[in-house]
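> sequence and predicted model, in that order:
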Amino acid sequence: MDKLPAVLYVEDDTQSRRLMKMLLTGRMKLTNVTIFEDSTDFLTRVNAMEVKPDIIFLDIHMKPHTGFEMLKMLRALEWSKNVPIVALTASVMNEEVQTLREAGFNSCLAKPIDLATFPETFQRVLSGETLWRIIG
């Protein structure tokens, strides 16, 4: 890949944000990482991004907009139709995975994120693979 991928990560848990930022910018050396700590004015903030993300990670249990609501907003935007959108959730049951798939998520990763395998998982999702990791 010639250019480094741009990432949007939406997460309300401080520790998860810190960990993901460390992984993406430190270990993976990505330079265009945007992190929202809540989903307030989500669409306005996404539209204001100078560089549109190549991959998006959404925490499912967010306020005021849930991951499902943010997904729906994103999928209505022309530029994001082919962008992989990954659900992140700590409460992954088989039934929820089915709901996530039907909603239109490309993949689901259980929290906490597996630090050892995340860079490889990231590349696989970015290249179009769908992953449903229901075990952390």
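Ah, there it is.
> quick check: buried residues in whichever strand or helix holds residue 18?
Assigned by DSSP states H and E, residue 18 falls within helix 14-21. Going by neighbour count (16 or more other C-beta atoms under 10 Å), the buried part of helix 14-21 is 16, 17, 19, 20, 21. To be clear about C-beta, it is placed using only N, CA and C from the backbone, and glycine gets the same treatment.
> give the contact list for residue 83.
Taking C-beta atoms under 8 Å, 6 or more residues apart in numbering as the criterion, residue 83 is in contact with 52, 53, 54, 55, 56, 74.
> so which helix or strand takes in the residue nearest the centre of the chain?
Centroid-nearest residue in the chain: residue 57, 0.5 Å away (criterion: C-alpha atoms, centre = their mean). Residue 57 belongs to strand 55-59 when assigned by DSSP H and E.
> start to end distance for stretch 22-36?
Terminal residues of stretch 22-36 are spaced 15 Å apart (C-alpha to C-alpha, to the nearest Å).
> any buried residues in it, and which?
Of all the residues in stretch 22-36, those buried under the rule 16+ other C-beta under 10 Å are 23, 24, 28, 30, 32, 33, 34, 35, 36.
> same deal with stretch 71-80?
Residues 71, 73, 74, 80 are the ones in stretch 71-80 that count as buried (16+ other C-beta under 10 Å).
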